[in-house]
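Engineer: Turn this into a model:
(one chain, ligands or ions: 2)
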Amino acid sequence: MKIALLGYGKMGKTIEQIAIQRGHSIVIKTNNEDYDISKADIAIDFSIPTAAFNNITHCLNNNIPVISGTTGWLENYDKAVALCEEKKGAFIYASNFSLGVNIFFELNNTLAKMMHSLKEYNVSIEEIHHTQKLDAPSGTAITLANGIIKEYSNLNGWSLEPNKEDALPITAKRIDAVPGTHTVTYQSKVDTIDIKHTAHSREGFALGAVVAAEWLLGKTGVFSMKDVLNIN
Ligand SMILES: NC(=O)c1ccc[n+]([C@@H]2O[C@H](COP(=O)([O-])OP(=O)(O)OC[C@H]3O[C@@H](n4cnc5c(N)ncnc54)[C@H](O)[C@@H]3O)[C@@H](O)[C@H]2O)c1
Ligand SMILES: O=C(O)C1=N[C@H](C(=O)O)CCC1
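Structural biologist: Ligands and ions are numbered 1, 2, ... in the order given. Reported below is the predicted structural model:
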C-alpha cells in the first residue's frame with residue numbers, strides 16, 4: 001500500500017518503521033495541512049486534536065480511506081461518520097490500536113457487567129502518560145469510562161474531579177516518557193480489584209494501526225478495531 005502519514009511525530013515515525021517492514025511504502029509524511037493526498041492509497045492520521053478532523057474530512061472528500069488514532073477531537077466524530085456515509089468512504093477511529101488494549105476493553109466491559117450491582121465497590125480509572133501528551137484524560141481512558149458508565153444507571157459521565165456526584169472519576173497523571181498505563185479499580189472497605197494494561201513502547205499502537213489500514217483497504221463503511229480484530 002502507498003501510505004500517507006498525516007502527523008509525523010512519535011507515532012508517525014513508529015508507524016513508518018512497521019509499515020516498511022510489512023512491505024508498504026510511505027508516499028506522504030507531513031506535519032501540516034499542505035499535502036497532495038491523491039498520491040496515497042490510504043491515510044493514517046496521528047496528528048493533534050485540532051488537526052485530526054480536517055485531515056479526516058480532506059481524505060474522505062478525496063475518496064481516500066482513512067485511519068485515525070488522534071485523540072481529543074471526538075466532539076466532531078459524528079460529523080466524520082456522516083461524511084463517510086455520504087461519500088461512501090472508509091474510516092476507522094480507535095482511541096487505542098493495540099491488540100492488548102482492545103482485549104483489555106472487553107475485559108473492562110465484562111467486569112463492569114459483574115460489578116454494577118455491587119454497591120459496596122466504588123469504581124475509578126487512572127491513566128498515566130508522557131509529559132508531551134496534549135489531551136487529558138486519554139482517549140483510552142474515555143473508552144474505558146464509557147464501557148463502565150453504560151452499565152451503571154447512577155453514573156451520568158466521567159470527570160477529572162475526584163468527588164463529583166454522578167460521575168466516574170478519572171485521574172490523569174503525566175510522568176516522564178510513559179507510553180501509556182491504564183488501571184480500572186473497584187474498591188470496597190475490605191478489598192480492591194484492579195485491572196491494568198501497561199504499554200512498554202509505542203510499537204503495539206503502531207502495529208495495530210498498520211493492520212487496521214491493511215484490513216480497511218477496499219472496504220466501504222465506518223468500522224472499529226472490534227471489526228478489524230474480529231472480537232465478538
Ligand atoms: N490511538 C492510538 O492507539 C494512539 C496511540 C498513541 C498516540 N495516539 C494519539 O495520536 C496523536 C499523536 O501522538 P504522537 O505521540 O505521535 O504525538 P506527536 O506530538 O509526537 O506527533 C503529532 C504530530 O502531528 C503534527 N501536526 C501538527 N499539525 C498537523 C496537521 N495539521 N496535520 C498533520 N500533522 C500535524 C505535529 O507537528 C507532530 O509532529 C495524539 O493525539 C495521541 O493521543 C493514539
Ligand atoms: O501517547 C499518547 O498520546 C497516547 N494516546 C492514546 C490515548 O489518548 O489513549 C493511546 C495511548 C498513547
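Engineer: how many other residues sit next to residue 220?
Structural biologist: 14 (other Cβ atoms under 10 Å). For glycine as for every other residue, the C-beta is placed from the backbone atoms N, C-alpha and C.
Engineer: Kindly report the same for the one 3 residues further on.
Structural biologist: Around residue 223 there are 19 other residues, counting by other Cβ under 10 Å.
Engineer: Return the residues in contact with it.
Structural biologist: Contacts for residue 223 (Cβ atoms under 8 Å, 6 or more residues apart in numbering) come out as 90-92, 216.
Engineer: ditto for residue 7
Structural biologist: Applying Cβ under 8 Å, 6+ apart, the residues contacting residue 7 are 30-31, 45-48, 51, 55, 70.
Engineer: Now with 7 Å, please.
Structural biologist: Going by Cβ atoms under 7 Å, 6 or more residues apart in numbering, residue 7 touches 31, 45-47, 70.
Engineer: How about residue 27?
Structural biologist: Applying Cβ under 7 Å, 6+ apart to residue 27 gives the contacts 2-4, 39-40.
Engineer: What parts of the protein come near ligand 1?
Structural biologist: Within the chain, the positions lying close to ligand 1 (Cβ under 6 Å from any ligand atom) are 6-12, 30-33, 46-48, 51, 55, 69-72, 94-97, 205.
Engineer: Tell me where the longest helix sits in this protein.
Structural biologist: When the chain is parsed with DSSP state H, its longest helix is helix 99-115.
Engineer: how far out from the middle of the chain is it?
Structural biologist: The chain centroid and the centroid of helix 99-115 are separated by 15 Å, computed with Cα atoms, centre = their mean, to the nearest Å.
Engineer: Stretch 152-163 and ligand 2, any residue contact?
Structural biologist: No. Counting by Cβ under 6 Å from any ligand atom, ligand 2 is not contacted by stretch 152-163; separation bottoms out at 13.5 Å.
Engineer: Show me which positions of that stretch end up buried.
Structural biologist: Within stretch 152-163, the residues scored as buried using 16 or more other Cβ atoms under 10 Å are 155, 158-159.
Engineer: Buried subset of the contacts of residue 27, written for PyMOL?
Structural biologist: With 16+ other Cβ under 10 Å as the criterion, this PyMOL line picks the buried residues out of the contacts of residue 27:
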select buried, resi 3+4+40
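Engineer: ok, which pair from the contacts of residue 27 is furthest apart?
Structural biologist: Farthest pair in those (Cβ to Cβ) is 3 and 39. Separation: 10.2 Å.
Engineer: show me the contacts for residue 25.
Structural biologist: Contacts of residue 25 by Cβ under 7 Å, 6+ apart are 2-3.
Engineer: Just put the buried residues of stretch 152-163 in TSV and tack on secondary structure and pLDDT.
Structural biologist: Converted to TSV, the buried residues of stretch 152-163 look like this (DSSP: H, G, I helix; E, B strand; the rest coil; pLDDT from 0 to 100):
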residue	secondary structure	pLDDT
155	coil	97
158	strand	98
159	strand	98
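Engineer: Which one of those is nearest to ligand 2?
Structural biologist: Lowest distance from ligand 2 to the buried residues of stretch 152-163 (Cβ to the nearest ligand atom) belongs to residue 158, with 13.5 Å.
Engineer: Which helix or strand contains the nearest residue in space to the closest one that is not next to it in sequence?
Structural biologist: Excluding the flanking residues, the one nearest residue 158 by Cβ to Cβ, 6 or more residues apart in numbering is residue 145, at 4.0 Å. Using DSSP states H and E, residue 145 sits in helix 139-149.
Engineer: can that helix be found next to ligand 2?
Structural biologist: Yes. Judged by Cβ under 6 Å from any ligand atom, helix 139-149 comes into contact with ligand 2 through 139-140.
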